[in-house]
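Asker: no sequence for this one, just the structure:
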């Protein structure tokens, strides 16, 4: 379903770096305001440190300059937040977390995930609620944090993958052929130099992705094959837009199709050539979008949408592509029977071209719909596509053991198995208090314009007697959640 679905449900804790860590070891510190405290007039003079030295430092009492000096107890100092100084061994050691039961690994600190739980974890590059930027804690070690900020769980550093940041300390991951990638430098249009992991190549077949080819101009590395160069909606002509969804050349003549994609520019758009295969619409495909097996690669103008599993076990279904632009469409590409759902993530009002996928629609507050199974034997249930338009919900895959209203359920972590584990018009959510252990139950959806009091039971809710709660009070929507 829509990626905003679980994000909107304010039942998952946002993560924040835990405070209260021990003071790190830095350079030698002096106390210029405190005079020497001499012990006697006879023999060598000694001086105390006033105030006392912090943890990880000791007082050098030899009266250097007439006063005691705080110096690192561990030679060279320890990395603040990641290490603490063992005053017995005089060696830096990893910080411990969760009441001392966890020893943090490379790039990991104590991260507080709930009001009562903190765990060892790395943190990726992100901007906090105070608009303060934070750098990936793994980068100094040449790695990348594996955490998904939309689903924050204790995470570890890993090798950077294709097109991810790297540096001179990095060892890039291997590609799907078991070949090592390289950390290469590239210059951006603004003159900035960036480093990322890339696959060296001499021919297209050595590349991993269905959208990449061996590019000699980029230094014989696998790079995206563009069919419409980056531009903006203000500049692109309808003649240029006509290239979208049309055949393009990947390995041969017309063996791919031009897939429209948004860019980091809110008004930007570009086209990437996608290599086509022989898997038909509604047939099974490999959602990893890797070269090698054309029978698991969708035909032109069809997209492999992940339907079950995760990582190497993931399986997908080929869905017909469509132009999901809200107004005038250029080019016109509609669904034969189903609804065209917008998968582009684009927001530009003037955009006439948005990548969409044809799927069966349903009414979230209605009945029926979403019948039958797919080639993977997954059933389908009605789930919200947006929280403002319940009449245009989407039929989304469910597990074979999907649970009923009020039953205990298992919620797959965001970015893993996409299936819903509850039956139609229900979702699996944590209904426990914020300070209690997670308690996942199947709950229903409600119309917030009908059930206006979140303290009073809503007659339309499943399970019966539940209250209708706005998913995100800061962003009012028509669809709410039925919370016991």
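Answerer: Yep, that arrived. As the structure is a prediction and not an experimental result, all values here were calculated from the model.

Asker: going forward, measure contacts between C-alpha atoms and count neighbours the same way
Answerer: Will do.

Asker: what residue ranges in the protein score low on pLDDT?
Answerer: Applying pLDDT under 70 to the chain picks out residues 1-45, 55-56, 64-65, 264, 349-350, 414, 433-437, 472-475.

Asker: could you pull out the helices for this protein?
Answerer: Counting by DSSP state H, the chain has helices at residues 4-8, 238-241.

Asker: buried ones in the shortest one?
Answerer: Read it as helix 238-241. Residues residue 241 are the ones in helix 238-241 that count as buried (16 or more other CA atoms under 10 Å).

Asker: roughly how far is that helix from the heart of the chain?
Answerer: Helix 238-241 sits 33 Å away from the centroid of its parent chain (CA atoms, centre = their mean, to the nearest Å).

Asker: Please work out which residues outside it touch it.
Answerer: Helix 238-241 is contacted from outside by 228, 330-331, 353, using CA atoms under 8 Å, 6 or more residues apart in numbering.

Asker: longest strand of the chain?
Answerer: Criterion DSSP state E: the longest strand present in the chain is strand 393-403.

Asker: in its sheet, what does that one sit against?
Answerer: strand 361-362 (antiparallel), strand 379-383 (antiparallel), strand 420-422 (parallel) (DSSP bridges).

Asker: List the buried residues for that strand?
Answerer: Under the neighbour-count criterion of 16+ other CA under 10 Å, strand 393-403 has 393-399, 402-403 buried.

Asker: Excluding covalently adjacent residues, which one is nearest to residue 107?
Answerer: Leaving aside its sequence neighbours, residue 107 sits nearest to residue 138 (CA to CA, 6 or more residues apart in numbering; 4.7 Å).

Asker: Is it correct that residue 397 is in contact with residue 307?
Answerer: Yes: the pair residue 397 and residue 307 passes the contact test of CA atoms under 8 Å, sitting 6.5 Å apart.

Asker: now the contacts of helix 238-241: which count as buried?
Answerer: Buried subset of those (neighbour count, 16+ other CA under 10 Å): 228, 330-331, 353.

Asker: what's the closest of those residues to residue 219?
Answerer: Distance to residue 219, by CA to CA, is smallest for residue 228 among the buried ones among the contacts of helix 238-241, at 21.2 Å.

Asker: can you tell me which residues contact the residue nearest to residue 107?
Answerer: Going by CA under 8 Å, 6+ apart, residue 138 touches 106-108, 122-124, 144-145, 157.

Asker: among the residues you listed, which two are most distant?
Answerer: Using CA to CA, the two most remote members of the contacts of residue 138 are 106 and 124, lying 13.4 Å apart.

Asker: Just grab the bridge partners of the most centrally placed residue in the chain for me.
Answerer: Centroid-nearest residue in the chain, with CA atoms, centre = their mean: residue 148, separated by 3.6 Å. Residue 148 forms beta bridges with residue 151, as assigned by DSSP bridges.

Asker: how near is it to residue 46?
Answerer: Per CA to CA, to the nearest Å, residue 148 is found 54 Å from residue 46.

Asker: With residue 129 instead?
Answerer: 49 Å.

Asker: Among these two, which residue is more densely surrounded?
Answerer: Ranked by neighbour count (other CA atoms under 10 Å), residue 129 and residue 46 place residue 46 first, with 18 against 9.

Asker: Please look at that one and residue 69 and confirm they touch.
Answerer: No: judged on CA under 8 Å, residue 46 makes no contact with residue 69 at a distance of 11.0 Å.

Asker: Quick check: neighbours shared by those two?
Answerer: Common neighbours of residue 46 and residue 69 (CA under 8 Å, 6+ apart) are 61, 63.

Asker: Would you enumerate the residues in contact with residue 296?
Answerer: Residue 296 touches 277-279, 284-286, counting by CA under 8 Å, 6+ apart.

Asker: same deal with residue 375?
Answerer: Residues in contact with residue 375, defined by CA under 8 Å, 6+ apart, are 282-284, 317.

Asker: Quick check: of the contacts of residue 296, which lies closest to residue 303?
Answerer: The closest of those to residue 303 turns out to be residue 285 (CA to CA; 9.1 Å).

Asker: Not counting its neighbours along the chain, what's nearest residue 165?
Answerer: Leaving aside its chain neighbours, residue 165 sits nearest to residue 196 (4.5 Å; criterion: CA to CA, 6+ apart).

Asker: Who does that neighbour form a beta bridge with?
Answerer: residue 165, residue 184.

Asker: Report the separation between it and residue 339.
Answerer: Distance from residue 196 to residue 339, counting by CA to CA: 39 Å.

Asker: ok, now residue 156?
Answerer: Distance, residue 156 to residue 339, using CA to CA: 40 Å.

Asker: Also residue 154?
Answerer: According to CA to CA, residue 154 stands 38 Å off from residue 339.

Asker: Same question for residue 195.
Answerer: Distance, residue 195 to residue 339, by CA to CA: 41 Å.

Asker: Residue 283 now?
Answerer: According to CA to CA, residue 283 stands 18 Å off from residue 339.

Asker: next one: residue 322
Answerer: 9 Å.

Asker: Of these two, give the one with the bigger neighbour count.
Answerer: Neighbour totals were compared for residue 322 and residue 339, and residue 322 leads with 27 against 20 (other CA under 10 Å).
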